[in-house]
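Trainee: A predicted structure for the sequence below; I have some questions about it.
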Amino acid sequence: MQPCLRAAKELIGKILVRKEKGKLYSGVIVETEAYLGSRDAASHSFNGPTKRNSVMFGEGGFAYVYFTYGNHYCVNAVTGKAGVAHAVLIRALEPLEGISFMKKNRGTEDVYLLCRGPGNLCRAMKIDGSLNGASLLGDEIFLAEFPREKRIKVKRTLRIGITKNPGKLYRFIDPQSPFVSRINYKKLLKANLKKVSA
DNA sequence: TTGCGGATGGACT
DNA sequence: GTCCATCCGCAAC
């Protein structure tokens, strides 16, 4: 598998940790999308480097945070060597720590909505443009292994919200998780409940 | 300086 | 499932 796609798949089940003003936020990654730079018209880096996307052209292991639609930040993990502008968009998390602060930041009490969608998870965790270019091994934001190795049967699907280069199975989700965006999570919760009681 | 497009989210059917 | 408000970044002028 292409290395960036493999990275997107392997990020499912990892923990994203964010520290801000002494507050700790974390969540399990349940949804990602791969963007393959110069090979992928849907990628911000498709047309070459600009001031906005420059982080993607650097070494892997750093955060590419961009602002879109006038109100949302989205966070990516840059993958690959310098010059290869590949990145993995983190689209949804299952919140673990800092849930009370997330509720405040998002203005909702529904835990299933806190980190659902790339814009929402950034708002919940106070991720903004100041983290663009930050190391993903740093103090403010970093990735961690889930302590218990739980097997997730990762599913590949079509990417969300793009018009260029559609039809590629570059989105990776945990199909069991009710925290994935663009699904009827109440229905999935009910189905999971049935499975447990059966 | 300006026009346009967008890796969204939320409201609505 | 569909629609659309909203405003920054960029490229063209």
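Mentor: Sure thing, it's come through.
Trainee: ranges for the strands of chain A?
Mentor: Applying DSSP state E to chain A gives strands spanning A:15-20, A:23-36, A:63-68, A:72-79, A:86-97, A:141-144, A:155-157, A:171-173.
Trainee: Please tell me how far the first one is from the chain's geometric centre.
Mentor: So the one you mean is strand A:15-20. Computed by CA atoms, centre = their mean, to the nearest Å, the separation of strand A:15-20 from the middle of its chain amounts to 12 Å.
Trainee: Also the fifth one?
Mentor: Here strand A:86-97 is found 2 Å from its chain centre; the criterion is CA atoms, centre = their mean.
Trainee: Mind listing what's buried along it?
Mentor: Within strand A:86-97, the residues scored as buried using 16 or more other CB atoms under 10 Å are A:86-96. For every residue, glycine as well, the C-beta is placed using N, CA and C.
Trainee: Specify which member of those residues is nearest to DNA strand B.
Mentor: A:Leu89 (3.4 Å; CB to the nearest atom of the strand).
Trainee: Confirm for me that that closest one is in contact with A:Thr32.
Mentor: Yes. Look at A:Leu89 against A:Thr32 with CB atoms under 8 Å: they come within range, at 6.5 Å.
Trainee: Close to DNA strand B: what parts of chain A are there?
Mentor: Taking CB under 7 Å from any atom of the strand as the criterion, chain A approaches DNA strand B at residues A:33, A:35, A:42-45, A:56, A:64, A:68-70, A:72, A:74, A:76, A:87, A:89, A:106, A:113, A:116-121, A:159-164, A:181.
Trainee: ok, A:Phe67 - how many residues close by?
Mentor: Burial measure for A:Phe67: 15 neighbouring residues, criterion other CB atoms under 10 Å.
Trainee: quick one: it from DNA strand C, how far?
Mentor: Here the criterion is CB to the nearest atom of the strand, to the nearest Å. By it, A:Phe67 lies 5 Å from DNA strand C.
Trainee: Skipping its backbone neighbours, what lies nearest that residue in space?
Mentor: If the residues on either side of it in the chain are set aside, A:Phe67 comes closest to A:Tyr73, at 5.6 Å by CB to CB, 6 or more residues apart in numbering.
Trainee: Pull up the gap between that neighbour and DNA strand C, please.
Mentor: A:Tyr73 sits 10 Å away from DNA strand C, taking CB to the nearest atom of the strand as the criterion.
Trainee: give me the beta-bridge partners of the closest residue in space to A:Gln2 that isn't next to it in sequence?
Mentor: Closest residue to A:Gln2 apart from its sequence neighbours, by CB to CB, 6+ apart: A:Leu36 at 7.0 Å. Per DSSP bridges, residues listed as beta-bridge partners of A:Leu36: A:His86.
Trainee: And A:Leu36, how far from A:Lys186?
Mentor: 34 Å (CB to CB, to the nearest Å).
Trainee: Understood, closing this out.
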